[in-house]
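Asks: Predicted model, plus sequence, below.
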Amino acid sequence: MENLQNLPLGVQDFKKLREESLLYVDKTALVYKLAHTNSAVFLSRPRRFGKSLLLSTLRYYFLGQKDLFKGLFIESLEKDWTEYPVLYFSLASGEFTEKNGLSEKLRLTLKDFEEKYGLPHDEPTLALRFAKALENAVKKTGRKVVVLIDEYDNPLLKNMTVNPEQEEANRSLYKAFFATLKDCDEYLRFYMFTGVTKFSKVSIFSDLNQLTDISLDNEYSAICGISQGELESNFSPYIERLSERFGYSREECLSELKRMYDGYHFSSDGEGMYNPFSLLHCFFKKDFGSYWFESGTPTFLINKLNASHYDVRNFTDEVKARESELKDYRPENADPTPLFYQSGYLTIKSWNQRQRSYKLGFPNAEVKYGFLDSLAPSYLHVEDKPAPFNIDILDDAVEEGDTDGMCRWFTALFALLPYPAGADAESVTEQNFQNVIFMSLTMMGKYARTEVHSAKGRADCILETADYVYIFEFKRDVPAGEALRQIDEQGCAKPYSSDSRKIFKIGVNFSTKDRNIAEWKVES
């Protein structure tokens, strides 16, 4: 096997990547196109998807550092390599929950820019200082300024749902500060914002009406992430090594990589993209792990899901969202679907041109089961609880046909769940009951389906393994025998009549009063 080029794990600086000869998937044709067909841009992509590396690439391109781009596609396109002054705001980190955290980060960034270009700075406000820095940089260098803002929404997301006063303060600071860009258009060559989500009520997007949102554009759908062609052409020796490790053929290895990490679509016609963070770690560790989730699940998503009382079973079906909802997120919107799309937990599955709407679903196995496994403990409020919230115990019972063991697991789990104070008892109880059963069965990675239709009705849930088929009917404050009778009346088991697997029909009665399983009856 040929020597493997080192992987750029954790490297978001383009200069470091190139100087250390790390593997780079060449996106410079799109970088050149972006820089020469747009002057003001916004791009939304999920976390760990290459936004920072993209802005870093633009940074060194506009700084005219030609040597860093030797051998890349852009070398055949660019002839002049003009050097522009670049003002780079990295907002991926900072004390943004503190009163002056955001203003201090902006101030230090301006200070570094002023010192680099020898500019004065005696203006009374940050906004005026920003404007003057742009004007003075043009006077000093004779070139217009490039402004790059990485992870602009981080100071807002850090405070969303947990510190609304500070979130509002950060919004107000943004309003005054970035409105400067519109007033200083004569001093700007190019500027670009990146983030996970686009807050429609942050006035930079209403004030900067010349800002072009390319997040859902077909021509830029592949600007972040790794396509199938890029995977096979850039990572061939890594694919070979991974295949040898697991005894796979090349085709089998590619199939498993696709199942785990592919499937992100960022436009109506865009090709599927692999998660670069997970893909790189898979090749480095030589294992098909859930690396994106190991890097952390954002707190704001958990809080939003809890606050919305959303029926998480919807996520396993394709849910609909209008184009306008995906482009402009409104924090007051009770529906978390757009936020989960922008955060990478859902992706585009299909496009309805007439309605201008999308169907969304999980992009791949890593996200589907990682979502349920990572968010379920927080969503169900059992993060710090001991067993039985150990999914392996339930998995063993399911694989062994141990329906009594399954009942014991769910009964013990329901006993741990807190009851939200002040909430409507009936609606919360009903939702928790359905969600807990469904999430637990699905997060095992089994083939679980809900609302399964038959000729005469539907089954609440059907779970399939290699040896067993479990058909569930759930009732609340209704005898479990009635649930079993409904399974028979609706013919839910008929599609499996010639199946060699053992069939279990399970009727479950959930008690509103006790907030737990009152009856669990099984027929086989």
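Replies: Looks like it came in fine.

Asks: got the contact list for the closest residue to Ala35 other than its chain neighbours?
Replies: The spatially closest residue to Ala35, leaving aside those adjacent along the chain, is Phe190, at 6.1 Å (CB to CB, 6 or more residues apart in numbering). Quick note: C-beta positions are derived from backbone N, CA and C, even for glycine. Neighbour list for Phe190: Ala35, Asn38, Ser39, Ala40, Val41, Leu58, Phe62, Tyr84, Val146, Val147 [criterion: CB atoms under 8 Å, 6 or more residues apart in numbering].

Asks: okay, the strand or helix carrying Phe190 in CSV with CA atoms only?
Replies: Of the helices and strands defined by DSSP states H and E, Phe190 is found in strand 188-195. Included here for strand 188-195 are C-alpha records, laid out as CSV according to Å, rounded to 0.1, in the frame of the first residue of the first chain:
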residue,chain,number,x,y,z
LEU,A,188,-15.2,46.8,0.5
ARG,A,189,-14.0,44.3,-2.1
PHE,A,190,-15.8,41.3,-0.6
TYR,A,191,-17.4,40.2,2.7
MET,A,192,-18.9,36.9,3.9
PHE,A,193,-20.8,35.6,6.9
THR,A,194,-20.9,31.9,7.9
GLY,A,195,-22.9,30.2,10.6
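
Asks: Quick check: which ranges of the stretch 251-400 of the chain have low pLDDT?
Replies: Per-residue confidence of the stretch 251-400 of the chain (counting by pLDDT under 70) places the weak regions at 295-300, 306, 308-317, 329-332, 372-390.

Asks: show me where it has strands.
Replies: Counting by DSSP state E, counting those that start in this stretch, the stretch 251-400 of the chain has strands at residues 319-322, 347-352, 357-361.

Asks: Next, the angle from the second one to strand 357-361.
Replies: Put plainly, it is strand 347-352. Between strand 347-352 and strand 357-361, the angle formed by their directions is 150 degrees, by axes from the mean of the first three to the mean of the last three CA atoms, to 10 degrees.

Asks: hang on, the earlier thing: redo the strands of the stretch 251-400 of the chain as CSV? Include mean neighbour count.
Replies: Output for the strands of the stretch 251-400 of the chain, formatted as CSV (neighbours: other CB atoms under 10 Å):
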stretch, mean neighbour count
strand 319-322, 15
strand 347-352, 17
strand 357-361, 20
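
Asks: correct me, but Ala127 touches Ala179?
Replies: Yes. In this structure Ala127 lies within contact range of Ala179 using CB atoms under 8 Å: 7.2 Å.

Asks: Pull the contacting residues for the nearest residue to Ser324 once chain neighbours are set aside.
Replies: Sequence neighbours aside, Arg356 is the residue nearest to Ser324 in space, at 7.8 Å (criterion: CB to CB, 6+ apart). Contacts for Arg356 (CB under 8 Å, 6+ apart) come out as Arg322, Glu323, Ser324.

Asks: What distance do you get for Arg356 to Glu251?
Replies: Separation of Arg356 from Glu251 (CB to CB, to the nearest Å): 38 Å.

Asks: can you tell me how far the residue nearest to Ser324 sits from Arg45?
Replies: Summarising the geometry, the distance separating Arg356 from Arg45, computed by CB to CB, is 21 Å.

Asks: Endpoint to endpoint, stretch 60-76 covers what distance?
Replies: For stretch 60-76, the first and last residues are 17 Å from each other (CA to CA, to the nearest Å).

Asks: just how off-centre is that stretch within its chain?
Replies: Relative to the mean C-alpha coordinate of its chain, stretch 60-76 is positioned 31 Å out (CA atoms, centre = their mean, to the nearest Å).

Asks: Give me the contacts around it.
Replies: 14-15, 18-19, 24, 26, 28-29, 31-32, 35, 78, 81-84, 86, 146, 189-190.

Asks: Inside helices: which ones of those residues?
Replies: Phe14, Lys15, Arg18, Glu19, Thr28, Ala29, Val31, Tyr32, Ala35 (DSSP state H).

Asks: of those, buried ones?
Replies: Among the ones in helices among the contacts of stretch 60-76, those classed as buried by neighbour count (16 or more other CB atoms under 10 Å) are Phe14, Lys15, Arg18, Thr28, Val31, Tyr32, Ala35.

Asks: Contacts only, for the fourth one.
Replies: The contact partners of Thr28, by CB under 8 Å, 6+ apart, come to Thr57, Tyr61, Phe69, Leu72, Phe73, Ile74, Glu75.

Asks: Identify, from the residues you listed, the entry nearest to Ser498.
Replies: Distance to Ser498, by CB to CB, is smallest for Phe73 among the contacts of Thr28, at 56.6 Å.

Asks: With that, I have no additional questions.
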